[in-house]
Structures are given as structure tokens and as C-alpha cells.
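Any chance you can model this:
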Amino acid sequence: MTIPEAIMIVLAVGQLAYAGLTYHRDRRAAMEPDPKKQPHRPIFIIAGFMVLTWAAVAFDYYDRHYMQPPSEDSFIISFGEIPGPNPVFDVQVDSEPLKQYSGKYRLMLIVRKIFIDRDRMTDTHISKSGLYTIDGSKFTLGASPMADGPMLTYGTNNIEHDLVLVPIGVEPAKITKLEDVTVVGGKIIFSRASTLTALQPLAQPPQQIFTNPTPTPPPSPKH
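Below is the predicted model:
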């Protein structure tokens, strides 16, 4: 739950409590024959509740869509890959400049192999790290290829690294593509590409295909 959401809940509960109190008070006062002794509801209290509620809504919208994170140079220490048969993608982060997000978000690393015929936001062939707490320390986020992750091939692979903020309470399983980050109210704060050269042969090389295979003669019948 974000701070603006908590404020909206408190204001909504306050409005309900005030409405209930004034309703019962007005019922008792309705029997008073002298108009001067009948209480007058202070309309500015209701108006104040409404203004504060909409102010919280506006701040939450601004925070989600327009509030810019610090520059990448301030929190990205390094990024890349550790090559090998099972490469690991990593981003080293200084989370001190990101502490403004510590009460609302956690960090996650998402990586994908770049294909020119795939939209980066809707590509579901991703690998992702777990969720990391923003505590002001320096740490490394790592992600390993999974069954539905980047399809690495022998030779050159162009890999996209995306560091994202995921709202607290959203589980990693909810993120199946980069687009999901913004759908759940998160932010993409770092996107950069690098090149991974796979020097190891494929674990299961594709079967060789012959255009004109030589037929195998049938076995001779036994007598």
C-alpha cells in the first residue's frame, strides 16, 4: 500500500464517521422547534475532506506516471553477463539514491534476448530475478535463463537488461513481460543492451538436415 492510498483510506473512513455522527445528531435536532437552536452542519468540513481526498488521488497519479527517478549514473554501478554454459545476467546497484521508493517498491531485474521482430514490452521470453529490498546498500541482482527465458544461441546474443520497480505486495509471478510492470503500477528505471558471446556449444545442437539423404537399403531376407 502506498502513502497516498493510505491517506485516501483514512480520509474515506473519516468522512463516513463524520456523516454517521451528523446524521444521528440531525435526527435529534429535528424535534427542536426553535430554528436558532438547530445545529448547522459546517459544510467546510465536508468540502475539506473532499479536497484532501482528491489531492491524494492527484499525487498518487503524479507519482505513478510523472515522477522521474534519479539519473542512471547515480545508482547503476555495472551491468552485464557472466558467460558460460549457464550464463548469469547481473546488475550491480547502489540503492541509496533510490531510497525515496523504499516504502512503496522493490527492485527486480528483467532480461530478454533482443529480436527485431518482437516488441520489447510484450515479449514473454524473459528471465527475471527475485524482488530486492531498497535499503540504501550496494548489491547485485542476478537472473539466470529459464525455460521461458532468453533463447541463447551459439555465437552473438544481444541482451536487454531492465531494472524495474515493482510495487510492494505484487508477486514476481505477476510479471510475465515488461509491460506487466507498468500495468501493476511499477516503473522501468533502467534499460540497456549488451552483447553476450556464447563460446560453449549448445547443450542440444539441432539435428543436421540433408536435402538429399542417401536411402538405407532394406535388410536382406533371412532364409
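
C-alpha only now, for contacts and for neighbours.
OK.

Pro145 contacts Pro87, correct?
Yes. Checked against Cα atoms under 8 Å, the pair Pro145 and Pro87 is within contact range at 7.3 Å.

Tell me who's in contact with Lys99.
Listed by Cα atoms under 8 Å, 6 or more residues apart in numbering, the contact set of Lys99 reads 134-136.

Mind giving me the PyMOL select for those, buried ones only?
A single PyMOL command selects the buried members of the contacts of Lys99 (16 or more other Cα atoms under 10 Å):
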select buried, resi 134+135
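
Where does the residue nearest to Ser102 when sequence neighbours are not counted sit: helix, strand or coil?
Of all residues not flanking Ser102 in the chain, Ile134 sits nearest, at 5.1 Å (Cα to Cα, 6 or more residues apart in numbering). Assigned with DSSP: H, G, I helix; E, B strand; the rest coil, Ile134 falls in the coil class.

Got phi/psi on Ile134?
The phi and psi values for Ile134, taken as degrees, to the nearest 10, are phi -90, psi 100.

Over to Asn157?
phi -130, psi 130.

count of neighbours near the nearest residue to it once chain neighbours are set aside?
Excluding its sequence neighbours, the residue lying closest to Asn157 (Cα to Cα, 6+ apart) is Leu196, at 5.1 Å. Counted by other Cα atoms under 10 Å, the residues lying close to Leu196 total 22.

so what's Leu196 up against?
81, 83, 156-159.

again, but for Ile114
Going by Cα under 8 Å, 6+ apart, the list of residues near Ile114 reads 120, 157-160.

For Asp73, state which of these is nearest.
Comparing the contacts of Ile114 against Asp73 with Cα to Cα places Glu160 closest, at 17.6 Å.

For Ile110, see how far away the residue nearest to Asn157 is.
16 Å (Cα to Cα, to the nearest Å).

what's next to stretch 159-166, contact-wise?
In contact with stretch 159-166 (Cα under 8 Å, 6+ apart) are residues 79, 91, 105-114, 131, 181, 184-196.

and those residues, which of them are in helices?
Those of these mapping onto helices are Val181, per DSSP state H.

Can you tell me which of the contacts of stretch 159-166 are buried?
Buried members of the contacts of stretch 159-166, scored by 16+ other Cα under 10 Å, are 79, 91, 105-114, 131, 181, 185-188, 190, 193, 196.

Quick one: neighbours of Ser127, just the number.
23.

sorry, that was for Ala173
8.

Give the helix, strand or coil label for it.
Judged by three-state DSSP, the three-state class of Ala173 is helix.

How about stretch 167-183, which residues are buried there?
Quick answer for stretch 167-183 (16+ other Cα under 10 Å): 167-168, 170, 175-182.

Just put these in TSV and tack on pLDDT and distance to Pro70.
Listed next are the buried residues of stretch 167-183 as TSV, based on pLDDT from 0 to 100; distance: Cα to Cα, whole Å:
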residue	pLDDT	distance to Pro70
Pro167	95	18
Ile168	95	20
Val170	95	23
Ile175	96	24
Thr176	95	26
Lys177	95	24
Leu178	96	20
Glu179	96	21
Asp180	97	22
Val181	96	18
Thr182	93	18
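
that older thread, please identify, among the contacts of Leu196, the one with the most neighbours.
For those, the largest number of neighbours (other Cα under 10 Å) sits with Ile159, at 21 neighbours.
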